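Visitor: next input, structure requested:
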Amino acid sequence: MLHRGQESTGGAGNGELTVPMAWFYAEYIADELLRTGDLMPPTSFEFRAGRDALALTIYLSDTEGELSGIQVVTQLETWLSLTAYDQPWQDWVRERTAALAAAAVTSGGPSPDLELAEAAWRWLQETELLAPDLDAVPGGGAVVGEDDGPKVWTPAWQLGLPLGHLAIHLF
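Guide: Residues are numbered from 1 along each chain as shown. Below is the predicted model of the structure:
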């Protein structure tokens, strides 16, 4: 099996199985970071949003295709800065995805890793989750519980990104 970001087990041109190892590895790292943080139940949509946002960050930030187990620790600061509140993460995702798509065209074929990353990005953009409205000012009385306050439908990436950021901090 090839490594260092290669996604083939022996040549997809021969009808052999193409395995998107770079995406699977990014998703595995994201899953482990979120599970370690124990912030959400792994079966929740919020967890999926966090995992997908973090996996996208990990996959798209690996510009050399060389993310190995030992390099995960050295990349944590990069991922923290990319997922920080004041960063235009969604613009960065669009730019990196477009660059990888252009590189795939010039290299002669579609990348299964990129296809899974694009599917995750579509889900994060198109799915809305009901979340507490952090911008709302409760009118009058104090809000007793988390479920009692105002709610707003929010794109999944806007919930997943801070969840992933917090998971990195807790790691």
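Visitor: kindly indicate whether the closest residue to Glu118 other than its chain neighbours is helix, strand or coil.
Guide: Once flanking residues are discounted, Glu118 sits nearest to Thr97: 6.2 Å by C-beta to C-beta, 6 or more residues apart in numbering. C-beta: built from backbone N, CA, C; applies to glycine. On the three-state scheme (DSSP: H, G, I helix; E, B strand; the rest coil), Thr97 is labelled helix.
Visitor: looks to me like Trp153 is in a helix.
Guide: No. If the criterion is three-state DSSP, then Trp153 is strand and not within a helix.
Visitor: I'd say it and Leu130 touch.
Guide: Yes. Contact criterion C-beta atoms under 8 Å: Trp153 and Leu130 qualify, at 5.9 Å.
Visitor: work out for me the element the residue nearest the centre of the chain sits within.
Guide: Geometric centre of the chain, nearest residue: Ala53, 2.3 Å, by C-alpha atoms, centre = their mean. Assigned by DSSP states H and E, Ala53 belongs to helix 45-61.
Visitor: that helix relative to strand 151-155, how many degrees between them?
Guide: 30 degrees (axes from the mean of the first three to the mean of the last three C-alpha atoms, to 10 degrees).
Visitor: for helix 45-61, the averaged confidence score.
Guide: Taken as a whole, helix 45-61 has a mean pLDDT of 95.
Visitor: elements contacting the helix or strand bottoming out on mean pLDDT in the chain?
Guide: Lowest by mean pLDDT, DSSP states H and E among the helices and strands of the chain is helix 69-83, with a mean of 81. Helix 69-83 sits against helix 45-61, helix 89-107, helix 156-170, with contacts defined as 3 or more C-beta pairs under 8 Å, 6 or more residues apart in numbering; DSSP states H and E.
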